[in-house]
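Mind looking at a prediction? Sequence and model below.
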Amino acid sequence: LIRGEHTRMGKKNDKSTRRGNGEGSIMKVEGRKKPYRARMRIDGKMKTIGYFDTKEEARKEIRRVATEIDNNTYVEPSKLRLSDWLAIWIEDYCTNLKHGTEVLYRGYAKNHIIPALGSKRLNDLTPDTIQRFVNRIQRRSGKEKPLAAKTIKNIFDCLNGALEQAVAIKYLKDNPAAGCKLPINDDEVLDADVKPFNDADVHRILAEALRRDDRFTTIYRFALGTGMRLSEIIGLSWDKVDLETGITKVEQQLTMQREKGDVRRIAATKSRNHRTFKIPPSVVDLLKEQQATQQENKRLAGELWDHEYNLIFTDEIGHTLPHSSIEHRFRRILDSLGMYEHCFHDLRHTFAVKMLRLGVDVKSVSKILGHRDAAFTLRVYCDFTADMRDAAAEKMQVIMDMSYGGGNQAKKDAYTNPHLNS
């Protein structure tokens with residue numbers, strides 16, 4: 001070892017001649033790829049702050065750390081491995097997350113983050129390391145199903161959240177995930193996935209459900225009449241609906257079983273916001289029919305009846321309904337009709353598009369659907385709102401032609417004659 005530059009002189013064991021806090025030394029360690037080790041006294045202890053290619057690089061790092069110590073901004077790099085920190089973060093710092101989100105984060109950490117980065121220490125993570133990780137999971141091998149952009153964003157959000165917390169408690173000085181470039185988020189570009197049913201499709205679906213005597217037919221019709229998510233429908237309780245006025249409060253949802261041993265429970269809605277709207281009389285009639293059916297089920301079940309959450313839609317003994325059973329039954333109906341590209345969630349899209357085409361303003365539709373804002377609703381249904389804008393422009397042109405002469409007589413007739421217009 002070659003002793004580097006330092007200013008204090010004297011005997012090694014003389015406390016009066018020991019280096020003060022913030023003073024350092026440089027030593028050359030033979031056989032290392034980066035041979036120059038920089039050490040500094042921090043909080044009374046000599047600590048290694050890094051290895052460098054040249055003596056000048058080591059000297060520069062000592063000056064930088066000394067300045068931060070003087071300014072009281074120095075954060076000692078953590079030697080904690082990312083895998084260990086993720087376990088601590090999920091256990092101790094994710095207590096405010098919904099249960100389903102916590103389960104998903106555990107899965108993202110176990111299946112994606114830890115296999116790729118878990119062995120690295122927190123202080124060894126760099127922006128380039130994080131970006132390469134995101135790029136790698138985006139370009140998965142041909143044998144694996146590509147991850148959706150939304151899933152990649154969720155994985156990144158998990159990692160980014162853990163690193164942000166590490167910064168907050170001074171395990172890290174800066175978040176190496178800051179500035180990472182993500183693929184286009186398909187949560188923001190959902191129009192390609194919006195596949196509403198037309199009126200003929202809806203008629204065929206309900207007819208097939210009745211033919212099969214499907215016990216979830218009322219749920220399908222309720223989804224078409226309210227636009228509620230499946231979790232919100234099967235998590236809706238009787239005290240949230242006024243059968244006289246039709247006023248409905250959506251304040252909760254039924255969670256899914258996401259892992260072995262998990263149980264379905266009542267939780268906050270997806271966006272955590274409450275919304276209130278009025279359902280049409282035909283949907284109120286559906287609920288009255290469901291109420292009568294449930295009362296009959298209660299009578300038949302006798303002592304077996306267990307209606308813990310006072311839910312509207314339950315099985316024959318009052319228990320919660322599994323998401324998978326409803327989606328599976330609906331899938332069988334769609335497949336029998338050749339509608340392979342559709343799913344249960346398209347009932348929600350059908351409601352939204354129908355409302356927009358009937359002239360309901362976007363802000364009202366957004367509130368009924370429980371979107372975070374009207375701008376998000378516009379992005380989701382941009383193709384359909386564009387169609388409505390085009391139709392409005394054509395009608396305006398007819399008005400202009402009628403007011404100032406010229407124009408197509410057939411178009412005028414279509415505008416002025418309600419029978420032709422319909």
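Structure's in. What do you need?

hmm, which helix or strand of the protein has the shakiest average pLDDT?
In the chain, no helix or strand scores lower on mean pLDDT, DSSP states H and E than strand 2-3, which sits at a mean of 40.

Three-state assignment for Ala38, please.
For Ala38, the reduced secondary structure class is strand; criterion used: DSSP: H, G, I helix; E, B strand; the rest coil.

Identify the bridge partners of it.
With DSSP bridges applied, Ala38 shows beta-bridge pairing to Ile26, Gly50.

Quick check: pLDDT value at it.
We have a pLDDT of 88 for Ala38.

Can you report how many residues lie near it?
The criterion is other CB atoms under 10 Å. On that basis, Ala38 has 23 neighbouring residues. Backbone N, C-alpha and C define where each C-beta goes, glycine included.

so it makes contact with Ile62?
Yes: in this structure, Ala38 is within contact of Ile62 by CB atoms under 8 Å, at 5.3 Å.

tell me the contacts of Ala267?
Ala267 makes contact with Lys98, His99, Gly100, Gly235, Gln252, Gln253, Leu254, Thr255 under the criterion CB atoms under 8 Å, 6 or more residues apart in numbering.

Could you single out the nearest of those to Arg136?
When the contacts of Ala267 are ranked by distance to Arg136 (CB to CB), Gly100 comes first, at 26.4 Å.

Could you pull out the strands in the stretch 201-350 of the chain for me?
With DSSP state E, counting those that start in this stretch applied, the stretch 201-350 of the chain shows strands at 247-250, 253-254, 266-267, 275-278, listed in chain order.

element containing the most centrally placed residue in the chain?
The C-alpha lying nearest the average C-alpha coordinate of the chain belongs to Asn154 (CA atoms, centre = their mean; 6.2 Å). Applying DSSP states H and E as the criterion places Asn154 in helix 149-168.

Enumerate every residue touching the spatially closest residue to Arg221 that is not a sequence neighbour.
Nearest residue to Arg221, sequence neighbours excluded (CB to CB, 6 or more residues apart in numbering): Leu286, at 5.8 Å. Neighbour list for Leu286: Thr218, Arg221, Phe222, Gly225 [criterion: CB under 8 Å, 6+ apart].

Tell me the most packed of the residues you listed, by neighbour count.
Across the contacts of Leu286, the neighbour count under other CB under 10 Å reaches its highest value at Phe222, namely 22 neighbours.

residue contacts, it?
Contact partners of Phe222, counting by CB under 8 Å, 6+ apart, are Met228, Ile233, Val283, Leu286, Leu287, Phe313.

any idea how far the first one is from Lys270?
In this structure, Met228 and Lys270 are separated by 11 Å, where distance is defined by CB to CB, to the nearest Å.

the more surrounded of those two?
In this comparison of Met228 against Lys270, neighbours counted by other CB under 10 Å, the higher total goes to Met228 at 26 against 15.

Give me the phi and psi angles of the more buried one.
With angles defined as degrees, to the nearest 10, Met228 sits at phi -80, psi 150.

Kindly tell me how buried Thr126 is, as a neighbour count.
Other residues near Thr126 come to 11 when the count uses other CB under 10 Å.

Ala223 contacts Leu347, correct?
Yes: Ala223 lies in contact with Leu347 (CB under 8 Å); the separation is 4.0 Å.

which of those two has more neighbours?
For Ala223 against Leu347, the residue with the higher neighbour count under other CB under 10 Å is Leu347, and the figures read 28 against 24.

Determine the set of other helices and strands touching the helix holding Asn154.
Packed against helix 149-168 by the contact rule (3 or more CB pairs under 8 Å, 6 or more residues apart in numbering; DSSP states H and E) you find helix 82-93, helix 99-108, helix 127-138.

how about 6 Å then?
The helices and strands touching helix 149-168, judged by 3 or more CB pairs under 6 Å, 6 or more residues apart in numbering; DSSP states H and E, are helix 82-93, helix 99-108.
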